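Would you be able to build a 3D model of this:
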Amino acid sequence: MDPPSTLPALDLFSLKGQNALITGATRGIGAACALALAEAGASVCLVQRHPTPGSEPNLETYNTIKAYLADKGTDQVVELVHCDLDKFDEVKALFAQALEVMPRKEIDILVNCAGIQRRAPAVDFSEQDWDDVLNTNLKSVWLLAQSAGRHMVPRRHGKIINFCSLLTFQGGLTVPAYAAAKGALGQLTKALANEWSKENVQVNAICPGYIKTDMNERLLADATRLRQISERIPAGRWGEPKDFAGPLVFLSSNASQYVCGELVVVDGGWMGR
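Model prediction:
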């Protein structure tokens with residue numbers, strides 16, 4: 001990979017010839033990020049849960065990218081692999097599975113965007129909900145990042161982008177497992193960057209603020225909480241999934257070669273308030 005200083009400024013953001021693996025791309029932020037990777041020139045491998053019996057798989061993101069690439073007339077590809085992120089045997093095999101379907105049998109970019117939420121007062125929060133959230137939002141990310149490191153470090157080339165949260169810094173309300181998982185994920189991001197930056201593998205995280213996604217349906221439906229939150233956001237609005245296209249491409253590209261172990265907050269100014 002050419003040193004950034006030899007490339008024109010706009011070319012620093014190109015992902016042409018790169019292969020990206022992304023979880024959580026079925027909807028919301030992940031879907032917007034997957035499309036952004038393709039628009040920046042990358043081939044994309046989407047991770048999706050196994051369809052439940054009798055249900056149809058959600059292929060909206062896959063079909064959108066496939067149609068985009070067909071119109072563009074490029075040699076990029078979009079592939080789809082299945083994995084339930086709470087089943088660790090599947091997670092441990094996921095990276096190798098993705099390698100098999102991608103060009104050059106390499107992954108240059110890993111984006112960990114999948115996550116789940118459980119809400120309940122701490123005194124009522126169940127052990128099962130705790131395990132579900134920690135397993136999906138933290139342990140699966142660790143296992144997948146470890147697989148990526150084993151692939152990227154010997155090649156001295158790679159980008160890993162984790163999705164954290166405002167709750168990486170704040171405790172939140174009635175979401176103890178989510179706050180714990182996202183706080184730990186921020187520290188994991190830094191720990192991996194401490195080890196792998198010298199190997200030319202940059203590990204960073206994006207921390208969304210309050211975004212209009214399925215995960216926040218309950219907050220959006222609560223008139224009081226919606227007003228309280230909205231009034232505190234300096235930008236004057238909740239975020240949209242498309243607001244993450246730029247930060248994600250930046251952290252995936254040559255433009256961020258010297259950005260290591262950072263937690264990039266994308267929150268409309270919430271944390272600066």
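
residue contacts, the residue nearest the centre of the chain?
Closest to where the C-alpha atoms of the chain average out (C-alpha atoms, centre = their mean) is Cys113, at 2.6 Å. Contact partners of Cys113, counting by C-beta atoms under 8 Å, 6 or more residues apart in numbering, are 22-25, 29-30, 33, 163. (C-beta placed from N, C-alpha, C; glycine too.)

Let me have the residues you listed in JSON lines, extended by pLDDT, neighbour count and distance to Ser253.
As requested, those are exported to JSON lines (pLDDT from 0 to 100; neighbours: other C-beta atoms under 10 Å; distance: C-beta to C-beta, whole Å):
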{"residue": "Ile22", "pLDDT": "98", "neighbour count": "26", "distance to Ser253": "15"}
{"residue": "Thr23", "pLDDT": "98", "neighbour count": "27", "distance to Ser253": "20"}
{"residue": "Gly24", "pLDDT": "96", "neighbour count": "23", "distance to Ser253": "20"}
{"residue": "Ala25", "pLDDT": "95", "neighbour count": "30", "distance to Ser253": "18"}
{"residue": "Ile29", "pLDDT": "97", "neighbour count": "26", "distance to Ser253": "18"}
{"residue": "Gly30", "pLDDT": "97", "neighbour count": "26", "distance to Ser253": "18"}
{"residue": "Cys33", "pLDDT": "98", "neighbour count": "29", "distance to Ser253": "13"}
{"residue": "Phe163", "pLDDT": "98", "neighbour count": "25", "distance to Ser253": "17"}
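
Looking at these, which is nearest His50?
Thr23 (13.7 Å; C-beta to C-beta).

What residues are bridge-paired with the closest one?
Taking DSSP bridges as the rule, Thr23 bridges to Asn112.

which residues touch it?
30, 47, 83, 85, 111-114, 144 are the contacts of Thr23 under C-beta under 8 Å, 6+ apart.

if we go to 7 Å?
Residues near Thr23 by C-beta atoms under 7 Å, 6 or more residues apart in numbering: 47, 85, 112-114.

Which pLDDT value does the model give Pro3?
Pro3 is assigned 54 on the pLDDT scale.

Surely Leu166 and Asn216 touch.
No - Leu166 is beyond contact range of Asn216, at 11.6 Å (criterion: C-beta atoms under 7 Å).

which SS state does Gly41 fall under?
Counting by DSSP: H, G, I helix; E, B strand; the rest coil, the backbone at Gly41 sits in coil.

Disregarding flanking residues, what is the spatial nearest neighbour of it?
Leaving aside its sequence neighbours, Gly41 sits nearest to Lys16 (C-beta to C-beta, 6 or more residues apart in numbering; 3.5 Å).

what's the pLDDT at the one you found?
So Lys16 comes in at 97 (pLDDT).

Alright, that wraps it up for me.
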